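Undergrad: show me how the following folds:
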Amino acid sequence: MVNMTHEHVDFVLEHFGDPEVNRYMVDAEPVSHLADAGEIVAFYDDPEQRLRNRWVLVDKSDRKPVGTLGFHIFDQANRAIEVGYDLSPARWGIGLMSEALAAGLDHVFTALGVYRVEAYVHVENERSSALLERNGFMREGTLRAKYLFNDTWHDHHVYGLLEPDRP
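TA: As a prediction, this is how the structure comes out:
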C-alpha cells in the first residue's frame, strides 16, 4: 500500500470509472473526467486533513495499482472511524483485500488509537460482507434507505469491529 498522491490520478480515473468497481458504490456517480479524479486525489492528499486517508493497493510483482483502501469520518471523541475499499475485478478472490484490510486495521488501532471501525455495505454486496466477516467484523444491523441514488433507495448492512475483538 502506498499513499494516494497526484501520481495516481490516471489510475483513479480508470478504476473509479469501471462499472464493476462502482456496482455497489451508490453514494456518487462513477468518475468519468480527469478533473474529477484529480479532486478525489486532492481530497486524500491534503496534508491539513490527516484524519482521513486513502492508500493505493499495488501489485507486489509489477507495482501497478489495483485498488484502494482508506479510513475516513474519524470521530475522535468516540475513537471510531469508517473504512472503505475497492479492488479491480481481475484481483477479486485471491486474498489481496483481506491482506490490505488487516494492515489498515493494524494501523488505525495502533497509530490512531481507534476503538471502533465501522463499514457500510450494500445489502447485495455479498463479497464485501464475507470479507468483513472473515476479518472479525460483526453485522450489527441493516440501515434501510441509507442512500438515494438514481431515484432508487439502497439499503446497507452496518458492520463493526471493536479493538478488543479483532482477530
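Undergrad: any idea how far residue 26 is from the most far-flung residue of the chain relative to its centre?
TA: No residue in the chain sits farther from the centre than residue 151, which is 24.0 Å out by CA atoms, centre = their mean. Using CB to CB, to the nearest Å, we find residue 151 at a distance of 11 Å from residue 26. All C-beta atoms are positioned from the backbone trio N, CA, C, and that covers glycine.
Undergrad: pretty sure residue 127 belongs to a helix, no?
TA: Yes: under DSSP: H, G, I helix; E, B strand; the rest coil, residue 127 falls within a helix.
Undergrad: I figured it hits residue 92, correct?
TA: Yes: using CB atoms under 8 Å, residue 127 makes contact with residue 92 at a distance of 6.8 Å.
Undergrad: identify the residues contacting stretch 45-62?
TA: Counting by CB atoms under 8 Å, 6 or more residues apart in numbering, stretch 45-62 makes contact with 1-6, 8, 11, 43-44, 64-74, 76, 87, 91, 96-97, 100, 104, all of which sit outside it.
Undergrad: residue 119 against residue 82, yeah?
TA: Yes: between residue 119 and residue 82 there is a contact at 6.9 Å, judged by CB under 8 Å.
Undergrad: of the two, which one has the most company?
TA: Per other CB atoms under 10 Å, whichever of residue 119 and residue 82 has more neighbours is residue 119, with 22 against 16.
Undergrad: beta-bridge partners for the more buried one, please?
TA: With DSSP bridges as the criterion, residue 119 is bridged to residue 159.
Undergrad: okay then, goodbye and thanks.
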